[in-house]
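> 3D model of this:
(one chain, ligands or ions: 1)
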Amino acid sequence: MQSVPSDPWEMALEQFHRASRYVPLKRGIREFLAFPKRELTVNFPVKMDDGSVRIFTGYRVHHSTVLGPTKGGIRYHPGVTLNEVRALAMWMTWKCAIAGLPYGGAKGGVVCDPKQLSGGELERLTRRYATEISVLMGPESDIPAPDVGTNPQVMAWIMDTYSMHRGYSVPAVVTGKPLSVGGSVGREEATGLGCALVAREAARLLGFSLEKARVAIQGFGNVGSHAAVALHRMGALVVAVSDSRGGIYDPTGLDPEALLRHKQARGTVADFGQGRPVSPEEVLELPCEILIPAALEGQITVENASRVQARVIIEGANGPTTPEADDVLRDKGVVVVPDVVANAGGVVVSYFEWVQDLQAFFWSEEEVRERLERLLVRSVREVWRVSQERGVDLRTAALVRAIQRVADALHTRGIYP
Ligand code: NAD
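Modelled structure (predicted):
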């Protein structure tokens, strides 16, 4: 995996400034949208299994509350920084606005390596971090969800911790929960399935068939693995996948469900024993029609963008392509469906989960899937139309729509007092 070449917050700001040129905004409003609304840093102790106490650092950032309560995942990773969390929070604002969800953007993170923590340590870290950020969190104010290194069990601990402090169950405080505590059917696979639905729509707009289209995926976690399974079921050929330990490439196609079982048993896809081994970076440069970066930020850079062979990139990860790489890809004719559209399936079904929890009335799998598909297809078509009308790439078009929506609401609400 490439080292992150440019700061994610600088990337997010550069993308914002590129797009905001196309939106008539007063200078003060432009500046307001470029700042996170509030940022919380917490340093907190956790009792380790060996009896020692370790201090961990965590963050929760709200970028915007203009459209509603804030929504955004929580990341557990050694590389978490305040600037990364800021960038992810801003991208959440745009993502929710494009999808038409009544949310502003937020993100959280704890600097830790969850793979090095025992189950008990992970639970104590989660419950303490949830308590520390509970000044911001709540079903009407800020609703977290899973991201890299967190999962439904972590969400269940957050829900339980918050509920214990209130004295009654508050399932709507967090999404991506297990079904047994108010989760939604379809949430776990929503981001990856959403990527697949977006890829299908992009292929249609670009005029090629998904049938036997070759797909390469970097990152085989929640997003990457579910995207692989969904695209395989749609008839595409998954030719390469990778995770942090390595990757494999077989031009005749891989079976994503068998890969998933292997990953669950062995912790990596690298030794699957089919095709040839490749490095996580090489996956980005293999011959394919559809490339899905689904790991971390800053993977497609000015150094490797010219070697990308895909026709279309579906950004499963947040911020995988730097602004300089965007320029190279545009000149090469590679279409990039940006993160704020391509991976919105997760927050869309999180929104469905929150609505179901608030109403205490749960939907069927068909209802979730049908509403998800309708909403994502509408978003892709709308962003495509704006890109054609304005003569800009899809990222700029997506951000133009998002900035317009937030600015319109801000204008209508007015500046307090
Ligand atoms: P995850 O932790 O489930 O999986 C991450 C995957 O990336 C794993 O396969 C891991 O091995 C791989 N990876 C991590 N570090 C790597 C490295 N250094 N080199 C190569 N591979 C590496 O996380 P996820 O939830 O699938 O999230 C992946 C991306 O998708 C992130 O950018 C996240 O912000 C974004 N995203 C996730 C969701 C969601 O619902 N989970 C929603 C929208 C966007």
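> Tell me who's in contact with residue 64.
Counting by CB atoms under 8 Å, 6 or more residues apart in numbering, residue 64 makes contact with 33, 37, 70, 90, 93, 104, 105, 406. Where C-beta positions appear, they are placed from N, C-alpha and C, glycine not excepted.
> how much space is there between it and residue 349?
21 Å (CB to CB, to the nearest Å).
> among the contacts of residue 64, which two are most distant?
For these, the maximum inter-member distance is 14.5 Å, found between 33 and 70 (CB to CB).
> higher neighbour count, these two?
Between residue 33 and residue 70, counted using other CB atoms under 10 Å, residue 70 has the larger neighbour count: 28 against 22.
> Which residue comes closest to that one once chain neighbours are left out?
Nearest residue to residue 70, sequence neighbours excluded (CB to CB, 6 or more residues apart in numbering): residue 106, at 3.5 Å.
> so what's the backbone phi/psi at that neighbour?
Note on residue 106: backbone dihedrals following degrees, to the nearest 10 are phi -150, psi 170.
> Contacts only, for it.
60, 61, 62, 63, 70, 71, 72, 89, 92, 142, 144.
> Write out the residues of the stretch 101-250 of the chain neighbouring the ligand.
Selection of the stretch 101-250 of the chain residues close to the ligand by CB under 6 Å from any ligand atom yields 146-149, 191, 219-224, 243-244.
> quick check, nearest of the residues you listed to residue 377?
Nearest to residue 377 among those is residue 191, at 16.0 Å by CB to CB.
> Let me know the secondary structure of that closest one.
In three-state terms, and counting by DSSP: H, G, I helix; E, B strand; the rest coil, residue 191 is helix.
> max-length helix in the chain?
Ordering each helix of the chain by length in residues (DSSP state H) puts helix 365-390 first.
> And that one, how far out from the chain middle?
Centroid separation for helix 365-390 versus its chain: 17 Å, with CA atoms, centre = their mean, to the nearest Å.
> Looking at it now, give me its mean pLDDT.
Average pLDDT, helix 365-390: 98.
> so what does that helix touch, helix or strand wise?
Helix 365-390 is packed against helix 82-99, helix 190-206, helix 339-342, helix 345-359, helix 394-413, with contacts defined by 3 or more CB pairs under 8 Å, 6 or more residues apart in numbering; DSSP states H and E.
> Strands - which of the residues of the stretch 101-250 of the chain next to the ligand land there?
Counting by DSSP state E, those place 146, 243 in strands.
> quick one: which of the residues of the stretch 101-250 of the chain next to the ligand is nearest residue 299?
residue 219 (8.8 Å).
> Quick check: pLDDT value at that closest one.
According to the prediction, residue 219 has pLDDT 97.
> Quick check: beta-bridge partners of the residue nearest to residue 70?
As for beta bridges, residue 106 partners with residue 62 under DSSP bridges.
> Residue 334 touches residue 313, doesn't it?
Yes. Using CB atoms under 8 Å, residue 334 makes contact with residue 313 at a distance of 6.3 Å.
> All set, thanks.
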